[in-house]
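# Build me a model:
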Amino acid sequence: MITATPVRANEELGMSASLDTMIGAFPGYKYRGFFSRTKNKLKEHPLKYQIHDILKCKMPDLAVIDAGDKGYIITGKPLDMDKQASKVLGLDWNNVPHIRLVDESFSQVKKEEGIDNLIGKMPENTNK
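Numbering: from 1, shown residues only. The predicted structure is shown next:
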């Protein structure tokens, strides 16, 4: 999956780039209420948690961020590219709530998985 979006300041999030666009990619039927066709169940939670939860289901494989008005096109892994895009806007990514939450969460998963889960666990000795 590839996200392609412009980078821009956002009043609620601080900035908008590749990660927050995933809200639009998630099917409405997963989050709609009994009497509504919209994604109103998502709105029960703060936006940074909405973005985080959707990214736990599916993180884009590639981000293309248009910062052409600043002279840049930023391409690469979405989390890293959103961090770079925050710099283009003059922001510290640690002060952008959804980027910080996603970074902390995904960093913790990498630590918990360890090297065994990255390359596969060694088979048990079956010659007993």
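# Report the helix or strand with the lowest average pLDDT across the protein.
helix 97-119 (a mean of 73; mean pLDDT, DSSP states H and E).
# isn't there a strand covering A9?
Yes: counting by DSSP: H, G, I helix; E, B strand; the rest coil, A9 falls inside a strand.
# beta partners for it?
Beta-bridge partners of A9, counted by DSSP bridges, are M15.
# show me the contacts for it.
The neighbours of A9, taking C-beta atoms under 8 Å, 6 or more residues apart in numbering as the test, are M15, S16, L89. Yep, even glycine has a C-beta here, placed from its N, CA and C like the rest.
# thought I2 was touching V64?
Yes: using C-beta atoms under 8 Å, I2 makes contact with V64 at a distance of 6.6 Å.
# higher neighbour count, those two?
V64 (16 against 11; other C-beta atoms under 10 Å).
# so what's the more buried one closest to, chain neighbours aside?
A4 (4.4 Å; C-beta to C-beta, 6 or more residues apart in numbering).
# check which helix or strand covers that neighbour.
strand 2-6 (DSSP states H and E).
# so what does that strand touch, helix or strand wise?
In terms of contacts (3 or more C-beta pairs under 8 Å, 6 or more residues apart in numbering; DSSP states H and E), strand 2-6 is packed against strand 62-67.
# which residue packs closest to the residue positioned nearest the centre of the chain, ignoring adjacent ones?
Residue closest to the average C-alpha location in the chain (C-alpha atoms, centre = their mean): L19, at 3.8 Å. With sequence-adjacent residues excluded and distances taken as C-beta to C-beta, 6+ apart, L19 is closest to D82, at 5.1 Å.
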